[in-house]
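Novice: quick check, what structure comes out for this input:
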Amino acid sequence: MAIAVVIAVAHWLLVHWWLLVVVLVLAVLAGAGWHHRRQQQARWEAMRAQALRYGLSQLDALHHSRFEDAIRDLMHRDGCRDAQRVGGGGDLGADVKATDPFGRRWVIQCKHRRNGVQGSAVGTPDLQVLNGMARQVHGADVAVIVTNGRVTAPAAAFATQQRLHVVDRQTLGVWAAGSRPLWELLHTLHPPRKPSALP
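Specialist: Numbering: from 1, shown residues only. Here you go, the predicted structure:
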């Protein structure tokens, strides 16, 4: 009986072959439309990323988790296609991870201060956590702490000793409001170890 059904269906399709052509054409059109929408969305995302800017007052007003999102988005704007926010409970000292166009792995710890420079300063213990985790646990080539507040002098000195990078309020303001990538603003950053794999 099953064979008879298959033969009947095959015979019907041979007689009505134009239906197969219609279905095929519709499938091709649907696929082309889907592909076009994906390309359009990618173009809009690229344009949005290139135009991304933040003022310090905007960053101050964010919740700390949204601040981490903003730092991720700025890294993405700068060409770090794999930038992701990983902060939260048990983040082991990393809030954002990214690979820059030169192949360097960035690990960023974010310290948001609701009151900006009036909030508590980022101190040496914050840098010690970054120093203990960024390279050993997360494989960082570049370890960075970013704050919209201020950094104590001992913390800044510790960062220099340990080859950590501090993005304080002033540097953050320039980075977030401009179009220069963060690595151009960090004067002590070593050159990349390998050429870019990105176009």
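
Novice: CA only for contacts and neighbour counts going forward, please
Specialist: Fine.

Novice: ok, now which ones touch Gly173?
Specialist: Remark: with contacts taken as C-alpha atoms under 8 Å, 6 or more residues apart in numbering, Gly173 is in contact with 54-56.

Novice: quick one: list the elements packing against the lowest-mean-pLDDT helix or strand in the chain.
Specialist: Of all the helices and strands that make up the chain, the one with the lowest confidence by mean pLDDT, DSSP states H and E is helix 17-50; it has a mean of 78. Other elements packing on helix 17-50 under the criterion 3 or more C-alpha pairs under 8 Å, 6 or more residues apart in numbering; DSSP states H and E are helix 64-77.

Novice: how about residues contacting the helix it packs on?
Specialist: Outside helix 64-77, the residues that reach it (C-alpha under 8 Å, 6+ apart) are 49-50, 52, 59, 82-85, 87, 95-98, 110-113, 176, 181-182.

Novice: after it, next one along is what?
Specialist: Reading on from helix 64-77 to the C-terminus, the next helix or strand found by DSSP states H and E is strand 84-85.

Novice: can I have the buried ones of the contacts of Gly173 as a PyMOL selection?
Specialist: Written as a PyMOL command, the selection of buried residues from these, which uses 16 or more other C-alpha atoms under 10 Å, is:
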select buried, resi 54+56
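
Novice: make TSV from the contacts of Gly173 and add distance to Leu19 to it.
Specialist: As requested, the contacts of Gly173 are exported to TSV (distance: C-alpha to C-alpha, whole Å):
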residue	distance to Leu19
Tyr54	55
Gly55	59
Leu56	61
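
Novice: since that was my last question, I'll sign off now.
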